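**Student:** Okay, here's the prediction I keep looking at, along with the sequence it came from:
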Amino acid sequence: MTKRVRRILIFIASILLGLISHYFLNGWFNIIPWSIVALCIGYISDGRRDLMVNGAIFGYFLFLVYILIGYGGKTDMKSIITITIFSLLFSLIGSVAGISGAFIGNFARKKINTIHNSDKVE
């Protein structure tokens with residue numbers, strides 16, 4: 001699978017997970033599937049740059065969709081500009097969270113591969 005296809009799938013998964021989280025999960029339980037997917041993204045990423053981009057895509061769009069779907073406020077111009085700025089800035093925090101989860105998943109992959117390879121040698 002090419003990197004471009006993988007990133008498109010991550011983008012789609014983040015949108016779907018944001019929708020599912022909003023409609024079917026309540027409270028802090030959202031963090032469980034978000035973390036699992038972030039770890040999996042890190043696990044399937046090839047290198048450091050790849051995992052950073054993949055994690056950022058996942059976290060940014062997940063948070064953006066989750067916030068915008070849940071917005072039930074006013075529709076005047078001031079409120080729309082405020083929620084847009086808030087969503088964009090908060091989604092940047094989501095991208096950092098996605099990168100963090102991806103780093104942990106990639107670290108786990110390296111450890112698993114190290115343990116698996118050391119078992120073959122002996």
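**Tutor:** Looks like it arrived, so ask away. Numbers count the residues shown, from 1 in each chain.
**Student:** Check which helices and strands the least confident helix or strand in the chain by mean pLDDT sits against.
**Tutor:** Within the chain, judged by mean pLDDT, DSSP states H and E, the helix or strand with the poorest mean is helix 77-121; its value is a mean of 89. Under the contact criterion of 3 or more Cβ pairs under 8 Å, 6 or more residues apart in numbering; DSSP states H and E, helix 77-121 touches helix 31-44, helix 48-70. Every residue, glycine included, has its C-beta placed from N, CA and C.
**Student:** most neighbours per residue, which of the ones you listed?
**Tutor:** Per residue and on average, the most neighbours among the helices and strands packed on helix 77-121 fall to helix 48-70, with a mean of 21 (mean count of other Cβ atoms under 10 Å).
**Student:** Turn the helices and strands packed on helix 77-121 into TSV, including mean pLDDT and distance to I115.
**Tutor:** Formatted as TSV, the helices and strands packed on helix 77-121 follow (pLDDT from 0 to 100; distance: least, Cβ to Cβ, whole Å):
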stretch	mean pLDDT	distance to I115
helix 31-44	93	15
helix 48-70	93	20
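**Student:** How far off centre is stretch 4-15?
**Tutor:** 10 Å (Cα atoms, centre = their mean, to the nearest Å).
**Student:** Check which residues of that stretch are buried.
**Tutor:** Of the residues in stretch 4-15, 6, 10-11, 13-15 count as buried by neighbour count, 16 or more other Cβ atoms under 10 Å.
**Student:** export the residues you listed to TSV and tack on distance to V65, secondary structure and pLDDT?
**Tutor:** Below are those laid out as TSV (distance: Cβ to Cβ, whole Å; DSSP: H, G, I helix; E, B strand; the rest coil; pLDDT from 0 to 100):
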residue	distance to V65	secondary structure	pLDDT
R6	19	helix	93
I10	13	helix	95
F11	10	helix	96
A13	11	helix	95
S14	7	helix	96
I15	5	helix	95
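**Student:** From these, pick the one nearest D76.
**Tutor:** Set against D76, the nearest of those by Cβ to Cβ is I15 (27.0 Å).
**Student:** if I read this right, that closest one contacts V65, doesn't it?
**Tutor:** Yes: counting by Cβ atoms under 8 Å, V65 is a contact partner of I15 at 5.2 Å.
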